[in-house]
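Student: Got a predicted structure here, sequence first:
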Amino acid sequence: MEQQLPAFIVGAPLLFSVIVPILGRKWRQSAFVITVATVAVSTVASALSLERVLREGTIRYYLGGWEPPVGIEWLIDEVSAFVSLVVTSVSLLVVISTRRWAEREAGDRPGVFYGLVLLLLAGLTGIVITGDLFNLFVFLEIASLAAYALVFIGGRRAMLAGFRYLIIGSIGGAFYLLGVGFIYFATGTLNMIEARQLLEEAESTRAVQVGAVFIFTGLGLKMALVPMHLWLPDAYEHAPSSVNSLIAPVMTKVAAFAMLRMFLSVFPPGYLSGTVPVADALLVLGLIGIVFGSVAAAGQTDIRRMLAYSSVSQLAFIAVGIGLGTPLALAAALLHVVNHAAMKATLFLATASVRFRVGLQRTHNLAGLGPRMPLTMGAFAVGSVAMVGIPPTAGFFSKWYMVQAGLDEGQWIVVAVVLLSSLLTAVYLFKVLEQVYLRPAKPEPSEHDGDEHSPPADSASQPVEQPAMRPVVERAREAPLDVWLPLVLLGAATVVLGVINVVIMEHVLLPGVEVS
Amino acid sequence: MIDEIAARFPYWAIAVLLVVGLYGMIGKRSLVKQVIGLSIFQSAIILFFISGSLLEGATLPILYSVHGGEHANPDDFVNPLPHVLMLTAIVVGVAITGVALSFLVSIYREFGTLDEREMLDEMRK
């Protein structure tokens, strides 16, 4: 049983992604219950795997008992077990919390909606724990296909956003596959560990360099690294609330993790500098992205679009860590993958909760909400503080380690940009907090204030957009228990992650980075 | 120059197909043409893997006793793994195309057009 644990992490969601839509047709309520149970199984399997890895060291799981080079290998080390645990547990909380909205937004087919959620989760956990280059491509496309469909159901404006996401995401996947082809023809293997050994022995040939460039371009598109981020703001803004609370925290983060994995387990250190300086390119694009994302976020009036640009900035932060390439910088990037998943889940869930209680999503309309939805807005405030990076919240420590790594390398510009990004994050998030807590409520908030005006054409999928149904802030009440409890847990997690960051760094991330 | 191109003919063809596909996805207003571009792009990658596994004078990767049975020389056989990988990649490609086309059906029902610019105009109204 214990030997087969990794199969449950991916296998359970993959199996039930097919079963849930079938059962959901007949028994509507069963879809949610089975989904939560399945995600819980995956979470528990991840936790047990992590515990086993910490006890016994890296697990190399051979699918079907076929050892490489014949079979596919799953590689569960400290880092991948931990990231898989974070992905599944964040998804679990988000799925529970978004139940009410999902049933409204998914229309008459909750089974299909939850089937897609499980498919997404199967793809994401698969990306995290696989140890095979081609297997990673397959999981990447599974997760992406589910994400395209989930974004697409968000109504009229989401359709074009979802279609563009599909086109750009597929280009990313195709580039990655092309890169894997070069690596395969250069080394003759698809197994990450084997490829690493062969690449270490061989000279850096042009084929490998070209392959590396393709792989990083492809994963860069998937993780929305500037300037390949153009699909992200539209997709996050127009996706249904129950969907963007789910994909914003985990989807791009897992792509970022795949990129980290390339550095940790495939390309030997120093391989990517020289003639084709992929690492330096990541560093530069990351630094540009941090500043660009923050500045763009500060200019948004729609809170979801603001958070989307903020994601662009935070993903660029992870890219900086990968680009620096020292163990400390890589560990800081990993810590930020984890922290950001918790922080963004908190912020997007709080936003969605407000949207469904009050029907407002413009930053300047949230005035006076603080006292009326204390738990939701409290979680939002904690998430914001963590994003800015104020101790003892999680965001502070990943930035702290990154600054340290920058100092060790003598990269002063990294230090400056990371500090600047904290200031810029404070600008746009504290602007919202000021409205929420310090300003009096507006009597008649208008959502239709600018160029972004969208007529509520599809009333079935977006009932809150109907003017007649929109209550004002004065009458707002706290969200129901099953919404705020997961939200408060996530908010608390950002603080807890910060407090126990030393434990995570010393026992999980740094060993994981140094072993490989 | 011409010799150079002739010697690596498949790779030049693949490069051309990749560029054509990219242009279709990025340069075209029609969403259908974007999907066609995507298909061309994916086909180019499949061709890349297949031509990479090609070996002059080699035969099918089936072990007959005429090839020396257990002691057969691997250079006599075409590498079968890229072909198998491409079967999977084709399935993935079909899934993506299928999802894209079903998106197009929904978009057409909603907007009555498949032209990106007309859709944007429609949304501004």
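Tutor: Received it, and whenever you're ready, just let me know what you need.

Student: Now do the contacts for residue A:435.
Tutor: A:363, A:364, A:365, A:366, A:367 (CB atoms under 8 Å, 6 or more residues apart in numbering or on different chains). For glycine as for every other residue, the C-beta is placed from the backbone atoms N, C-alpha and C.

Student: I'd like the next helix or strand past whichever helix or strand residue A:248 is part of.
Tutor: Residue A:248 is part of helix A:241-261 when elements are defined by DSSP states H and E. Downstream of helix A:241-261, the first helix or strand assigned by DSSP H and E is helix A:278-298.

Student: That following helix versus helix A:241-261: what angle between them?
Tutor: 160 degrees (axes from the mean of the first three to the mean of the last three CA atoms, to 10 degrees).

Student: per-residue confidence averaged over helix A:278-298?
Tutor: What helix A:278-298 shows for mean pLDDT is 90.

Student: dump the residue contacts of residue A:375.
Tutor: Residue A:375 is in contact with A:478, A:479, A:484, A:487, A:488, counting by CB under 8 Å, 6+ apart.

Student: And the residues you listed, which of them are buried?
Tutor: A:479, A:484, A:487, A:488 (16 or more other CB atoms under 10 Å in any protein chain shown).

Student: just checking, the first one is part of a strand?
Tutor: When you say that, I think you mean residue A:479. No - read with DSSP: H, G, I helix; E, B strand; the rest coil, residue A:479 is coil and lies in no strand.

Student: before we move on, the earlier item: and which of the contacts of residue A:435 is nearest residue A:356?
Tutor: Nearest to residue A:356 among these: residue A:366, at 13.8 Å, using CB to CB.

Student: In contact with that closest one, which residues?
Tutor: Neighbours of residue A:366 in contact, by CB under 8 Å, 6+ apart: A:303, A:354, A:360, A:432, A:435, A:436, A:473.

Student: buried stuff in the helix-or-strand element of chain A with minimal mean pLDDT?
Tutor: Using mean pLDDT, DSSP states H and E, the weakest-scoring helix or strand in chain A turns out to be helix A:510-515, at a mean of 74. Of the residues in helix A:510-515, those with enough neighbours to count as buried (16+ other CB under 10 Å) are A:510, A:511, A:512, A:513.

Student: a markdown table for these, including distance to residue A:348?
Tutor: Formatted as a markdown table, these follow (distance: CB to CB, whole Å):
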| residue | distance to residue A:348 |
| --- | --- |
| A:510 | 30 |
| A:511 | 32 |
| A:512 | 28 |
| A:513 | 29 |
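
Student: how about the residues of chain B near chain A?
Tutor: Within chain B, the positions near chain A by CB under 8 Å from any CB of the partner chain are B:18, B:22, B:25, B:31, B:34, B:38, B:41-42, B:45, B:48-49, B:52, B:82, B:85, B:88-89, B:92, B:95-96, B:99-100, B:103-104, B:106-107, B:110-111, B:116, B:119-120, B:123, B:125.

Student: Now tabulate the contacts of residue A:435 in CSV and tack on secondary structure and pLDDT.
Tutor: Converted to CSV, the contacts of residue A:435 look like this (DSSP: H, G, I helix; E, B strand; the rest coil; pLDDT from 0 to 100):
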residue, secondary structure, pLDDT
A:363, helix, 75
A:364, helix, 75
A:365, helix, 76
A:366, coil, 78
A:367, coil, 75
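
Student: Who wins on neighbours among those?
Tutor: In terms of neighbours by other CB atoms under 10 Å in any protein chain shown, those top out with residue A:366 at 28 neighbours.

Student: Can you pull up the most central residue in the chain?
Tutor: You didn't pick a chain, so chain A it is. By CA atoms, centre = their mean, chain A has its centre lying nearest to residue A:250, at 2.5 Å.

Student: Not quite, go with chain B.
Tutor: Nearest residue to the geometric centre of chain B (CA atoms, centre = their mean): residue B:43, 1.5 Å.

Student: Name all residues that make contact with that residue.
Tutor: For residue B:43, the contact set (CB under 8 Å, 6+ apart) comprises B:17, B:21, B:93.

Student: Tabulate these in TSV, adding columns for secondary structure.
Tutor: Converted to TSV, these look like this (three-state DSSP):
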residue	secondary structure
B:17	helix
B:21	helix
B:93	helix
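
Student: Would you list the buried entries among those?
Tutor: Buried by 16+ other CB under 10 Å: B:17, B:21, B:93, out of the contacts of residue B:43.

Student: and these as JSON lines, adding pLDDT?
Tutor: Below are the buried ones among the contacts of residue B:43 laid out as JSON lines (pLDDT from 0 to 100):
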{"residue": "B:17", "pLDDT": "94"}
{"residue": "B:21", "pLDDT": "94"}
{"residue": "B:93", "pLDDT": "94"}
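
Student: just these now: which is nearest residue A:142?
Tutor: Distances from residue A:142 to the buried ones among the contacts of residue B:43, taken as CB to CB, are shortest for residue B:93 (13.3 Å).

Student: Could you check which helix or strand contains the closest residue in space to the closest one that isn't next to it in sequence?
Tutor: Closest residue to residue B:93 apart from its sequence neighbours, by CB to CB, 6 or more residues apart in numbering or on different chains: residue B:42 at 4.3 Å. Per DSSP H and E, residue B:42 falls inside helix B:31-52.

Student: Could I get the average pLDDT for that helix?
Tutor: Mean pLDDT, computed over helix B:31-52, is 93.

Student: Just the C-alphas of it, formatted as PDB.
Tutor: This file holds the C-alpha atoms of helix B:31-52, laid out as PDB (Å, rounded to 0.1, in the frame of the first residue of the first chain):
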ATOM      1  CA  LEU B  31     -10.500  32.000 -35.400                       C
ATOM      2  CA  VAL B  32     -10.900  29.000 -37.700                       C
ATOM      3  CA  LYS B  33      -7.600  29.900 -39.400                       C
ATOM      4  CA  GLN B  34      -5.900  30.200 -36.000                       C
ATOM      5  CA  VAL B  35      -7.000  26.600 -35.300                       C
ATOM      6  CA  ILE B  36      -5.700  25.500 -38.700                       C
ATOM      7  CA  GLY B  37      -2.400  27.200 -37.800                       C
ATOM      8  CA  LEU B  38      -2.300  25.300 -34.600                       C
ATOM      9  CA  SER B  39      -2.800  22.000 -36.400                       C
ATOM     10  CA  ILE B  40       0.000  22.800 -38.900                       C
ATOM     11  CA  PHE B  41       2.300  23.800 -36.000                       C
ATOM     12  CA  GLN B  42       1.600  20.500 -34.200                       C
ATOM     13  CA  SER B  43       2.100  18.500 -37.400                       C
ATOM     14  CA  ALA B  44       5.500  20.100 -37.900                       C
ATOM     15  CA  ILE B  45       6.600  18.900 -34.500                       C
ATOM     16  CA  ILE B  46       5.400  15.400 -35.300                       C
ATOM     17  CA  LEU B  47       7.400  15.400 -38.500                       C
ATOM     18  CA  PHE B  48      10.400  16.600 -36.600                       C
ATOM     19  CA  PHE B  49      10.300  13.600 -34.300                       C
ATOM     20  CA  ILE B  50       9.700  11.200 -37.100                       C
ATOM     21  CA  SER B  51      12.500  12.500 -39.300                       C
ATOM     22  CA  GLY B  52      14.800  12.600 -36.300                       C
END
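
Student: quick one, what contacts residue A:163?
Tutor: With contact taken as CB under 8 Å, 6+ apart, residue A:163 is in contact with A:152, B:31, B:100, B:103, B:104, B:107.

Student: Equivalent analysis for residue A:320, please.
Tutor: Counting by CB under 8 Å, 6+ apart, residue A:320 has contacts A:282, A:283, A:286, A:287, A:290, A:329, A:333, A:402, A:414, A:417, A:418.
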